[in-house]
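Chemist: Need the 3D shape of this:
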Amino acid sequence: TNRGIEYFRRHVQHDSPSTILVAILVATIAWIRWIVKCCSWFGSEIFDTILIFMYRFRIDK
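Modeler: Numbers count the residues shown, from 1 in each chain. I've put the predicted structure just below:
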């Protein structure tokens, strides 16, 4: 998001290693949250499908 980019630019101008690490950490957390959100959005259907397949496989056996 724009706010994150502005935050990143403002802190990278200082150019100290710790602020860069913090910016990378913030970006990584944002990515993880986005991935988790997508996974939970798709994942519920995929998870249900997997459960159904496992259930059917168990019945077939």
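
Chemist: For stretch 18-33, C-alpha coordinates in PDB please.
Modeler: Output in PDB follows, covering the C-alpha atoms of stretch 18-33 (Å, rounded to 0.1, in the frame of the first residue of the first chain):
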ATOM      1  CA  SER A  18      18.300  -1.300  11.600                       C
ATOM      2  CA  THR A  19      15.600   0.800   9.900                       C
ATOM      3  CA  ILE A  20      16.200  -1.100   6.600                       C
ATOM      4  CA  LEU A  21      15.800  -4.400   8.500                       C
ATOM      5  CA  VAL A  22      12.600  -3.100  10.200                       C
ATOM      6  CA  ALA A  23      11.300  -2.000   6.800                       C
ATOM      7  CA  ILE A  24      12.100  -5.500   5.300                       C
ATOM      8  CA  LEU A  25      10.400  -7.100   8.400                       C
ATOM      9  CA  VAL A  26       7.300  -4.900   7.900                       C
ATOM     10  CA  ALA A  27       7.100  -5.800   4.200                       C
ATOM     11  CA  THR A  28       7.600  -9.500   5.000                       C
ATOM     12  CA  ILE A  29       4.800  -9.400   7.600                       C
ATOM     13  CA  ALA A  30       2.500  -7.600   5.100                       C
ATOM     14  CA  TRP A  31       3.300 -10.300   2.500                       C
ATOM     15  CA  ILE A  32       2.600 -13.100   5.000                       C
ATOM     16  CA  ARG A  33      -0.700 -11.500   6.000                       C
END
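
Chemist: pLDDT of that stretch, averaged?
Modeler: Stretch 18-33 carries an average pLDDT of 85.

Chemist: Buried residues, that stretch. List them.
Modeler: Of all the residues in stretch 18-33, those buried under the rule 16 or more other CB atoms under 10 Å are residue 23. (Glycine included, C-beta is placed from N, CA and C.)

Chemist: from the chain's centre, how far out does it sit?
Modeler: 12 Å (CA atoms, centre = their mean, to the nearest Å).

Chemist: ok, so what distance separates residue 17 from residue 39?
Modeler: Residue 17 sits at a distance of 32 Å from residue 39 (criterion: CB to CB, to the nearest Å).

Chemist: Alright, calling it a day.
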